[in-house]
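K.L.:
Quick one: sequence plus predicted model below, questions after.
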Amino acid sequence: MTNSASNNGKILEAFSGNLADIVEQASKAIVQINGRRRTSSSGVHWRPGIIVTTDRFINRDEEIRVTLPEGQTISATLEGRDETRDLAVLKIPETALNTANLGDATTLKVGHLVLAIARCQENSISASLGIISSLGESWRTWGGFSIDRSIRPSLILYPGFSGGPLVDTQGKVVGINTTVPRHTALTIPNTIVNRIVDQLLETGNIRYGYLGLGMQPVQLPLVLQQSLNLPDNGGVIVVSVEASSPADKAGVLIGDILVELSGTSINDISDVHSMLGPERVNRPIQAKIVRGGNSIELTITVGVRPQRGYRNE
């Protein structure tokens, strides 16, 4: 073996050893969550007594079991959930469990090496290595809602990885991993996670705006767009109106085409979602609607989105 090959081997061995050390250290703050029959997810001991995990794997509010690194299983209580961002916060009794070493997600660059770590079945630790493929892209959660910031790592999230951390090469947790349809790996950055944890610990829930509409995107004929002097030819057509919902009370009808909310053009359902943040709850919003070839305006008082089992907006 040449000196060059020998040196390269030593470099790879040192690199491999460093990765293994990172996984071992970070795993001390990772737990297994059993909040759903037959499947489990991972969770991160974010703050003393506070576990952060993904929401969709918590199908019940009681009898949530958390398995600690040393194998002990304890009960956890649900402190709150944010379905739109797929995050849940659990509380556990005082324990010697390490808290996560939180890093700064804003220092990440495309191409940086990262690790996804999980505590899977039989309380074993698993890891997946990849790079940051993109930063800051908006993305759609399993609930169908757009999130304005994300970290997109190029790695595989195996079963049980959801709710586990993304860790940088300093061994610091930079976010919580989740998946979107087609099992694409995405990471919610620490800045967003911390904000959600604070809100859930304070109030138990995060209120989002709700109209009570089922919608599909459509394109208006060019002639209609021009005759109504609309800036865009896009909109969403109303396919259902929930009884006694804010939209129903305001007079919205099936077949109406929503083209504008509060002066902002609507071209897709995600545009509607973006207008229904917590600050909109219980406040009036002006809706421009195309009905029967005419443009009308309605005032809708935004309601609170149901916390479970919602289907409409």
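P.N.:
Received, thanks.

K.L.:
What's the first helix or strand after the host helix or strand of E297?
P.N.:
Mapping E297 onto the secondary structure by DSSP states H and E places it in strand 294-301. Using DSSP H and E, the helix or strand that follows strand 294-301 in sequence is strand 303-304.

K.L.:
Sheet partners, orientation included, of that next one?
P.N.:
Partner strands and pairing direction for strand 303-304 (DSSP bridges) are strand 209-210 (antiparallel).

K.L.:
Return the mean pLDDT over the next helix or strand after the partner strand, rounded to an integer.
P.N.:
Next along the chain after strand 209-210, taking DSSP H and E as the criterion, comes strand 213-219. On average, the pLDDT along strand 213-219 is 94.

K.L.:
what's strand 213-219 in contact with?
P.N.:
Strand 213-219 is contacted from outside by 233-242, 245, 247, 252, 257-258, 267-269, 272, 311-313, using CB atoms under 8 Å, 6 or more residues apart in numbering. The C-beta positions use only the backbone N, C-alpha and C, and glycine is treated the same way.

K.L.:
let's see it at 6 Å
P.N.:
233-240, 247, 268-269, 312-313 (CB atoms under 6 Å, 6 or more residues apart in numbering).

K.L.:
One more: stretch 81-98?
P.N.:
With CB under 6 Å, 6+ apart, stretch 81-98 has contacts from 28-29, 45, 49, 51-56, 58, 66, 68, 74, 76-77, 79-80, 141, 143, 145, 178, 196-197, 200, 206, 208.

K.L.:
correct me, but V44 touches I50?
P.N.:
No: using CB atoms under 6 Å, V44 is not in contact with I50; the gap is 9.3 Å.

K.L.:
ok, those two, which is more surrounded?
P.N.:
More crowded of V44 and I50, by other CB atoms under 10 Å: V44, with 26 against 19.

K.L.:
if I've got this straight, that one is in a strand?
P.N.:
Yes: under DSSP: H, G, I helix; E, B strand; the rest coil, V44 sits within a strand.

K.L.:
Show the pLDDT at it.
P.N.:
97.

K.L.:
Who are the contact partners of it?
P.N.:
52, 100, 165.

K.L.:
can you tell me how far it sits from V252?
P.N.:
V44 is 42 Å from V252, where distance means CB to CB, to the nearest Å.

K.L.:
Next: V197.
P.N.:
36 Å.

K.L.:
Tell me which stretches of the stretch 201-313 of the chain form strands.
P.N.:
For the stretch 201-313 of the chain, applying DSSP state E, counting those that start in this stretch gives strands covering 209-210, 213-219, 234-241, 257-261, 264-265, 284-291, 294-301, 303-304.

K.L.:
Mind checking these for the one nearest to L228?
P.N.:
Ranking the strands of the stretch 201-313 of the chain by proximity to L228 (CB to CB) places strand 294-301 first, at 4.8 Å.

K.L.:
Return the angle between stretch directions for that closest one and strand 213-219.
P.N.:
Counting by axes from the mean of the first three to the mean of the last three CA atoms, to 10 degrees, strand 294-301 lies at 150 degrees to strand 213-219.

K.L.:
How far does strand 294-301 sit from its chain's centre?
P.N.:
32 Å (CA atoms, centre = their mean, to the nearest Å).

K.L.:
go on, stretch 156-176?
P.N.:
14 Å.
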